[in-house]
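>>> Just to be clear, the model below is a prediction. Sequence and coordinates:
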Amino acid sequence: QKEVEQNSGPLSVPEGAIASLNCTYSDRGSQSFFWYRQYSGKSPELIMFIYSNGDKEDGRFTAQLNKASQYVSLLIRDSQPSDSATYLCAVNNDMRFGAGTRLTVKP
Amino acid sequence: DAGVTQSPTHLIKTRGQQVTLRCSPKSGHDTVSWYQQALGQGPQFIFQYYEEEERQRGNFPDRFSGHQFPNYSSELNVNALLLGDSALYLCASSLGTGHGNTIYFGEGSWLTVV
């Protein structure tokens, strides 16, 4: 069974701090990795994707991929209350999702 | 640029009934995938359609079936509804089925089975 694991949280950080979200996956052949944000009652929206080992930055967001250790993480710098949502990690084209990590950013 | 559209947005069905959910992909996209998301869970992959054929399928029973039309729109059918089928059903579209192709979600159809 190909699994994608995330800590369900909740993860709480103060406004302006760095939020770190982690995801591990079991299928060593996985090639593409995605982070989605989902507000309560809404559909997931893409934040960013990463294919290669290392870091990929997009504004306040940085995705980190380590294929040898089979984990992918998302860092959110200067966290804002509007970042409070559930963050979903997804792997490959069939988009196997983790259960998501609920993030709360406190003013 | 029209995004992914789904209908209906909410519906209530009785156990044993059948339901059909509809999806129009984002303009320019030719691949449609369906997901089931129960409360507090991540989306679970049901199946993917490309060129009017089911290309991949997740771990869902045969009660879940689908169709893709020549205009790339798609339907999800669920027969013999169970209480446990109550969930948000998400449609997502992409261009092609390659591993790196980004998918975009519609707003979903909320199904309640009573």
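Structure received. Fair warning: this is a prediction, and the values are worked out from it, not measured in the lab.
>>> any idea what sits nearest the residue nearest the centre of chain B, other than its immediate chain neighbours?
Nearest to the mean C-alpha position of chain B, counting by CA atoms, centre = their mean, stands residue B:34 at 3.0 Å. Using CB to CB, 6 or more residues apart in numbering or on different chains and skipping residues adjacent in sequence, the residue nearest residue B:34 is residue B:46, 4.3 Å away. The C-beta positions use only the backbone N, C-alpha and C, and glycine is treated the same way.
>>> contacts for the helix or strand that neighbour falls within?
Taking DSSP states H and E as the criterion, residue B:46 maps to strand B:44-50. Around strand B:44-50, the neighbours that count as contacts under CB atoms under 8 Å, 6 or more residues apart in numbering or on different chains are A:93-97, B:30-38, B:54-60, B:64, B:66-68, B:74, B:76, B:96-97.
>>> Now the buried members of those residues.
For those, a neighbour count by 16 or more other CB atoms under 10 Å in any protein chain shown gives the buried set as A:93-97, B:30-37, B:58, B:64, B:66, B:68, B:74, B:76, B:97.
>>> For chain A, give me its nearest residue in chain B.
Distances from chain B to chain A, computed as CB to the nearest CB, single out residue B:42 as the nearest residue at 3.6 Å.
>>> Look up the pLDDT of that residue for me, please.
Residue B:42 is assigned 91 on the pLDDT scale.
>>> what do you get for residue A:2?
62.
>>> Ok, residue A:82 next?
According to the predicted model, the pLDDT of residue A:82 comes to 96.
>>> Now do the residue nearest to it when sequence neighbours are not counted against residue B:40, distance only.
Distance criterion CB to CB, 6+ apart; nearest residue to residue A:82, sequence neighbours excluded, is residue A:105 at 7.8 Å. Distance, residue A:105 to residue B:40, by CB to CB, to the nearest Å: 20 Å.
>>> When those two are compared, which one has more neighbours?
When residue A:105 and residue B:40 are compared for neighbours, residue A:105 comes out ahead with 21 against 10, by other CB atoms under 10 Å in any protein chain shown.
>>> Bridge partners for the more buried one, pull those for me.
Beta-bridge partners of residue A:105, counted by DSSP bridges, are residue A:13.
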